[in-house]
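In: Provided below for reference: sequence and predicted model.
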Amino acid sequence: MPTKEYGLKTPRPLYSVLSNKKLNNFDIKTRNWKEALQEYLKKECVDRNEN
């Protein structure tokens with residue numbers, strides 16, 4: 001369902017993404033999403049093969 005069909009009173013931007021740049025102000029380091037996904041998938045494959 002497209003956003004325009006929700007019937008919201010407040011207009012929404014056509015394109016918006018979440019930014020994590022402000023996390024640096026709190027010394028919070030984020031991982032590269034591709035590396036994190038690869039690690040997760042490897043772990044899941046190992047866990048599923050063990051069961």
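Out: Happy to help now that I have it.

In: okay, now the unreliable bits of this protein?
Out: Under the criterion pLDDT under 70, the flagged ranges of the chain are 3, 50-51.

In: how about the helices in the protein?
Out: Under the criterion DSSP state H, helices of the chain are mapped to 33-50.

In: what sits against Asn24?
Out: Asn24 makes contact with no residue, according to Cβ atoms under 8 Å, 6 or more residues apart in numbering. For the C-beta atoms, the positions are set from N, CA and C on the backbone; glycine is no exception.

In: could you redo the last one with a cut-off of 10 Å?
Out: Thr30 (Cβ atoms under 10 Å, 6 or more residues apart in numbering).

In: what's the distance between it and Pro13?
Out: 24 Å (Cβ to Cβ, to the nearest Å).

In: equivalent analysis for Trp33, please.
Out: 22 Å.

In: what's the burial count for Asn32?
Out: Look at Asn32: counted by other Cβ atoms under 10 Å, it has 8 neighbours.

In: same check on Lys4?
Out: 10.

In: same deal with Ser16?
Out: Neighbour tally, Ser16, other Cβ under 10 Å: 7.

In: now do the contacts for it.
Out: Here Ser16 is in contact with no residue (Cβ under 10 Å, 6+ apart).

In: cool, and the one 4 residues further on?
Out: Residues touching Asn20, when contacts are defined by Cβ under 10 Å, 6+ apart, comprise 28-30.

In: relative to Thr30, how far out is it?
Out: 5 Å.

In: cool, and Glu39?
Out: 14 Å.

In: ditto for Thr10
Out: Thr10 is 29 Å from Thr30, where distance means Cβ to Cβ.
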